[in-house]
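Visitor: Need a 3D model of the following:
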Amino acid sequence: MDLVGASPSGKAAAFDAAMRRFEPCRPSQYFSADPSSLGTKPMTATASDTSRVSLLRLILTILLPFSLCYFLSYLYRAVNAVIAPNLVTDIGLDASELGLLTAAYLIGFAGFQIPLGLLLDRFGPRKVQAVLLCVGALGAVLFAIAAGKWGLSFGRMLIGIGSAGGLMAGFKAVTIWVPEQRRALANACIMAVGGLGILSATVPAEWATMQFGWRGMFLGLVAITLAVAVFLYLMVPERPHVSAPKAAAGNVFEAIGTIYTDPVFWRVAPFVALTAGSHVGIQTLWAGPWIRDIAGLDRDAVAQVLGLQAVGFLVGTLLTGYVADWLGRKGVGLLTCMTGFLLLFMAIQAVILFEPVAMTPLVWFVFGMFGQAGILAYAWLAQYFGTHLAGRANGCLNTLVFGIAFASQYAIGAIINLWPVTASGGYEPVAYQVSFGLFLGLQLLTLFWFMLGVPAPHLRRETT
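Guide: Got it, this is the predicted structure:
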């Protein structure tokens, strides 16, 4: 059975057979069938071997290419936390300007989410993501050669547009190729690779900056980005033709209106947007200065703690997907599981407000673990709105998430600027408490709103 040409029930059977109970498999098991079965010819192996090779095919042609895209997306997003001292020294930026420059990525990223959803639903994730990677490479070139803050900001905005599909294209591919009951885990696997992107934006990025300068490092990222674009275009199969329901055949912008006027969407979206957006805003910029100013660590030690935070992100996203999948088979809904993880995330933010210097590595590891538990809402929304609207529904939510991420990065910088710079050139501890505390308070408000009417686990829009 060929996964790419299989029926939905066939794909589900193959995927379930290989993933059942998530027992570890030896690498040789995945190659037990004839290697030629990974090409376009139908497989002739036994049913057991076919399931294993089908899983390998899924990994190589879907999960791996889109995971690499998200790796680059998060690497670009987080790298400014390491090169921020270089930008301040070379360009002469204050805290507010640094926040705005770094957030330019998020402006492009968030602003492209609605068009992205339309393009993904219309042309499929393979073509759209390959083109976007080329746009991101162009932005990285401009960032590397820019001489001032406006040129840097424009280049970083283009990088944001090019990275906009890093996760959403992968989620769209999952809705096409992965059975519904396994989508939360598949999404988490793609997202977990983002943890490697964050990890690469710490000690490795610091090393590359010291060896080649931050401009040279970005030129190296250009080559890597273009290589991933070629790999994705060659490896990912073209999506099968699926006739959309009549409701999706009209004006595409009517679908956006349908999503943004849906009361269930607005019950879920604010909670996810505030938690995930605040996490992105702090993790990819302000965590580094906090570790420097509050814990008093030098640049190398800051990079190491940020690396530990990235490991937490990797562990947390895999744990979130696995636990949600396990609890789902016991009747616990995705949104219930998400809420539990996000309560832990808000608790660790409260701990950070008390500035526990001795616990710095631990608190930022836990911060990285649970900040993106809102990923579970994407799988739930795809089920709620249906596959034909999945790209646009997730794009609408992602617009809000990265809108909040932009607002948090810029607002935290603006609040910090209200206090004078310390004698050592850092920022006042109380400034971090006020700015971080503001966004934690907003998260608590959205939690209260969400808990007033948590949607049923298997709710579908057609039934509302």
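
Visitor: and the longest helix out of those in the chain, what does it pack onto?
Guide: The residue-count maximum for a helix in the chain (DSSP state H) belongs to helix 203-235. Judged by 3 or more C-beta pairs under 8 Å, 6 or more residues apart in numbering; DSSP states H and E, the packing partners of helix 203-235 are helix 64-78, helix 80-91, helix 125-145, helix 299-328. In short, each C-beta sits where N, CA and C put it, glycine included.

Visitor: Any figure for the gap between the closest residue to residue 87 other than its chain neighbours and residue 116?
Guide: Once flanking residues are discounted, residue 87 sits nearest to residue 93: 5.8 Å by C-beta to C-beta, 6 or more residues apart in numbering. Distance of residue 93 to residue 116, computed by C-beta to C-beta, to the nearest Å: 30 Å.

Visitor: do the same with residue 127
Guide: 12 Å.

Visitor: the more surrounded of these two?
Guide: The residue with more neighbours, out of residue 127 and residue 116, is residue 116; 26 against 18, by other C-beta atoms under 10 Å.

Visitor: which ones are touching the more buried one?
Guide: Shown in contact with residue 116 (C-beta atoms under 8 Å, 6 or more residues apart in numbering): 128, 132, 164-165, 168-169, 391, 395.

Visitor: just residue 109 next, same as before
Guide: 77, 160-161, 163-164, 402.

Visitor: Swap in 10 Å and give it another go.
Guide: 73, 76-77, 103, 116, 156-157, 159-166, 280, 398-399, 401-403, 405-406 (C-beta atoms under 10 Å, 6 or more residues apart in numbering).

Visitor: Now do the contacts for the closest residue to it other than its chain neighbours.
Guide: Excluding its sequence neighbours, the residue lying closest to residue 109 (C-beta to C-beta, 6+ apart) is residue 160, at 3.8 Å. Residues in contact with residue 160 (C-beta under 10 Å, 6+ apart) are 73, 76-77, 103-112, 135-136, 139, 402, 406.

Visitor: Neighbours of residue 449, how many?
Guide: Residue 449: 15 neighbours (other C-beta under 10 Å).

Visitor: separation between the closest residue in space to residue 279 that isn't next to it in sequence and residue 309?
Guide: Closest residue to residue 279 in three dimensions, ignoring its sequence neighbours and counting by C-beta to C-beta, 6+ apart: residue 371, at 3.0 Å. For residue 371, the distance to residue 309 (C-beta to C-beta) stands at 9 Å.

Visitor: shared neighbours of these two, anything?
Guide: residue 283.

Visitor: looking at it, residue 266 is touching residue 381, isn't it?
Guide: No - look at residue 266 against residue 381 with C-beta atoms under 10 Å: they stay out of range, at 11.7 Å.

Visitor: Give the residues shared as contacts by the two.
Guide: residue 259.

Visitor: related to what we said a few turns ago, mark which of the contacts of residue 160 are buried, thanks.
Guide: Using 16 or more other C-beta atoms under 10 Å as the burial test, those include 73, 76-77, 103-112, 135-136, 139, 402, 406 as buried.

Visitor: Let me see the contact set for residue 197.
Guide: 67-79, 166, 310, 313-314 are the contacts of residue 197 under C-beta under 10 Å, 6+ apart.

Visitor: What are the boundaries of the helices in the stretch 151-300 of the chain?
Guide: Ranges of helices in the stretch 151-300 of the chain, per DSSP state H, counting those that start in this stretch, are 165-177, 183-200, 203-235, 252-260, 263-281, 287-294, 299-328.

Visitor: average pLDDT across the third one?
Guide: The average of the pLDDT scores along helix 203-235 is 93.
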